[in-house]
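Peer 1: Build the 3D model from these lines:
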Amino acid sequence: EMYRGLSGTSSPRHGVTVDNASMGVLYSVSSGDVILTVVDCSFTDVGNYAIQVEGETVSSIQITNSEFVRVEGDVVVSMAEAGDTVIVLDGVFMEDVFGGIRASVEFGNIDLTVMASSLSGYFTLIDLTVNSNTLDTGFVTMDVSGSSFSEAEIAFSVWCIELDPLMMVDTEFVNITGFGMYFDVRENDVSLSYDNVTMINVGIGVWLYANDGSLELEFTGVHFNTVNIGAMVEVSALTEAELSAINVTVLDSVFEGGMFGIWAVSVNGGTVLIDNSQFLGQSEVGFTYDSLYGQVDMDVVDSVFDGSSSEEAGTVYVVEQIESEYILYGQPEVDDEADWDSWSDGSSWTVFLPFEFEYNGYGYDQVYFGSDGYLNFDGGAVSIRPVGNTDLYYDNYHFMAYKIAEDNSSVLFNWYAMNDYSGWGESNAF
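Peer 2: Okay, the predicted model is just below:
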């Protein structure tokens, strides 16, 4: 079915079946508004898009209790020049489709609601793009609950000027090769909240870049199983007067697999709270936070960073923050009675232990003393690392050293170096 005209149109479709068609439904108007309503419809074996709407404005797209199977193009393509586009998917089923919903507004806003729906396809399931020419345009608003997204390259891709606070609840992502959620936000602060969200075999769970604003990121009761990174978030700032920060809260959650669990890159620091959560089996670092200028206030409570999958973990180690005063025992080759067994100015080496050290259910009699603030066992298969990210640099009097207790009951490992990210003259003791 095709409609092309000069003025706007309302297009209700109830109980329509489209089967074995070269394309589905096209509505295109040169001026005015398009309103699309699809209820109890079925589109199967469609050779191109299922529904395409074009107008000066596309104020409403509502799809309820409808299915789209084996669609070789996008299920819905919406293109508007201006105005607000409100999209509601309620009880929608997609399977074996090239793409899901692709909506763009040249100068306007998009409001998306997805509930009780199952979307499965090959490329991008939700693709939203908006631009702005006034202060009240360029916004994307999203509300997603009780839905699943699977078997695609990207589940959500969003490019916008501003992103309204997002709360995703009771949602599942399965077998997404690229990004579970991809956000590129050009202005102002961003707030992302995930509650009871599961990701299974996803490349990167959440990727966000905020070009000029701070980020509030909260995970509650989530379980992310990812191939590369659970969440990669970065903020920037256009002026020195308003430096952006990242605040991260992780409660009762599990990040499993990949290279990194969470990787945050901030301009001006922020806060981190990790409580009753697990970071399991990351090949690099479970949680890493880089800050260009500001400090990071980090609290870790009753949480596990054990470096293995939950099924393989022999012993669970709980990371707790305690009040402690660090004592620098003295620099080598300086007359301050420092008595290290061995030291270097930044070269790693293997240290033989005077006892068997049990870690993760296995015993070790030697350890690789790494210059970047870590201890490796069994060729690096098991390690003890800092909770955050380190890139240590040794200069002047910086050193790493170890000392065995007189009764051979313990070994003290010491790193005194500066973090390469922190700038010259700033030192961090470990």
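
Peer 1: how about low-confidence regions in the stretch 301-430 of the chain?
Peer 2: 307-322, 324-329, 333-338, 387-389, 420-430 (pLDDT under 70).

Peer 1: ok, which stretches of it are helices?
Peer 2: In the stretch 301-430 of the chain, no helices are defined using DSSP state H, counting those that start in this stretch.

Peer 1: what about the strands in it?
Peer 2: Taking DSSP state E, counting those that start in this stretch, the strands of the stretch 301-430 of the chain run over residues 303-305, 318-319, 342-344, 349-359, 362-370, 374-377, 382-384, 392-393, 399-404, 411-419, 428-429.

Peer 1: Packed most tightly, which of these would that be?
Peer 2: Greatest average neighbour count among the strands of the stretch 301-430 of the chain goes to strand 303-305 (a mean of 22), per mean count of other CB atoms under 10 Å. All C-beta spots, glycine's among them, are computed from the backbone N, C-alpha and C.

Peer 1: that older thread, out of the strands of the stretch 301-430 of the chain, which is closest to residue 246?
Peer 2: With distances scored as CB to CB, the stretch of these nearest to residue 246 is strand 411-419 (17.6 Å).

Peer 1: tilt between that closest one and strand 362-370?
Peer 2: Angle of strand 411-419 versus strand 362-370, following axes from the mean of the first three to the mean of the last three CA atoms, to 10 degrees, is 40 degrees.

Peer 1: elements contacting strand 411-419?
Peer 2: strand 349-359, strand 392-393, strand 399-404, strand 428-429 (3 or more CB pairs under 8 Å, 6 or more residues apart in numbering; DSSP states H and E).

Peer 1: Quick one, grab the pLDDT at residue 55.
Peer 2: Note for residue 55: predicted pLDDT of 88.

Peer 1: Now do the contacts for it.
Peer 2: By CB atoms under 8 Å, 6 or more residues apart in numbering, the residues touching residue 55 are 8, 27-29, 31-34, 79-81.

Peer 1: ok, the residues you listed vs residue 106, which is closest?
Peer 2: Once CB to CB is applied, the member of the contacts of residue 55 that ends up nearest residue 106 is residue 81, at 5.1 Å.

Peer 1: Quick check: that closest one vs residue 99, distance?
Peer 2: Per CB to CB, to the nearest Å, residue 81 is found 22 Å from residue 99.

Peer 1: for residue 291, same thing?
Peer 2: Taking CB to CB, one finds residue 291 at 38 Å from residue 99.

Peer 1: who's more crowded, those two?
Peer 2: Each of residue 291 and residue 99 has its neighbours counted (other CB atoms under 10 Å); residue 99 has more, 25 against 20.

Peer 1: so what's the closest residue to that one other than its chain neighbours up against?
Peer 2: Spatially, and ignoring its direct neighbours in sequence, residue 99 is nearest to residue 74 (3.9 Å; CB to CB, 6 or more residues apart in numbering). Residue 74 sits next to 49-50, 97-102 when contact means CB under 8 Å, 6+ apart.

Peer 1: Who wins on neighbours among these?
Peer 2: For those, the largest neighbour count, defined by other CB under 10 Å, is 29 neighbours, found at residue 100.

Peer 1: What residues does the nearest residue to residue 343 once chain neighbours are set aside make contact with?
Peer 2: In space, residue 343 comes closest to residue 401 once its chain neighbours are excluded; the distance is 3.5 Å by CB to CB, 6+ apart. Neighbour list for residue 401: 332, 340-344, 413-414 [criterion: CB under 8 Å, 6+ apart].

Peer 1: what about the nearest residue to residue 410 once chain neighbours are set aside, distance to residue 352?
Peer 2: Computed as CB to CB, 6+ apart, the closest residue to residue 410 that is not its neighbour in sequence is residue 404, at 7.8 Å. When distance is defined by CB to CB, residue 404 is 10 Å away from residue 352.

Peer 1: Tabulate the contacts of residue 55 (JSON lines), appending secondary structure and neighbour count.
Peer 2: JSON lines is the format used below for these (DSSP: H, G, I helix; E, B strand; the rest coil; neighbours: other CB atoms under 10 Å):
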{"residue": "8", "secondary structure": "coil", "neighbour count": "18"}
{"residue": "27", "secondary structure": "strand", "neighbour count": "23"}
{"residue": "28", "secondary structure": "strand", "neighbour count": "15"}
{"residue": "29", "secondary structure": "strand", "neighbour count": "20"}
{"residue": "31", "secondary structure": "coil", "neighbour count": "12"}
{"residue": "32", "secondary structure": "coil", "neighbour count": "13"}
{"residue": "33", "secondary structure": "strand", "neighbour count": "17"}
{"residue": "34", "secondary structure": "strand", "neighbour count": "25"}
{"residue": "79", "secondary structure": "strand", "neighbour count": "18"}
{"residue": "80", "secondary structure": "strand", "neighbour count": "24"}
{"residue": "81", "secondary structure": "strand", "neighbour count": "16"}
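
Peer 1: doesn't residue 203 make contact with residue 182?
Peer 2: No: if you go by CB atoms under 8 Å, residue 182 and residue 203 don't touch, sitting 10.4 Å apart.

Peer 1: overlap in contacts of those two?
Peer 2: By CB under 8 Å, 6+ apart, residue 182 and residue 203 have no common neighbours.

Peer 1: Residue 416 and residue 398 touch, don't they?
Peer 2: Yes: under the criterion of CB under 8 Å, residue 416 makes contact with residue 398 at 5.6 Å.

Peer 1: show me where pLDDT drops low in the stretch 1-150 of the chain?
Peer 2: Counting by pLDDT under 70, the stretch 1-150 of the chain has low-confidence residues at 1-23.

Peer 1: Now tabulate the helices and strands packed on strand 411-419 in a markdown table and tack on distance to residue 271.
Peer 2: Formatted as a markdown table, the helices and strands packed on strand 411-419 follow (distance: least, CB to CB, whole Å):
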| stretch | distance to residue 271 |
| --- | --- |
| strand 349-359 | 31 |
| strand 392-393 | 24 |
| strand 399-404 | 30 |
| strand 428-429 | 19 |
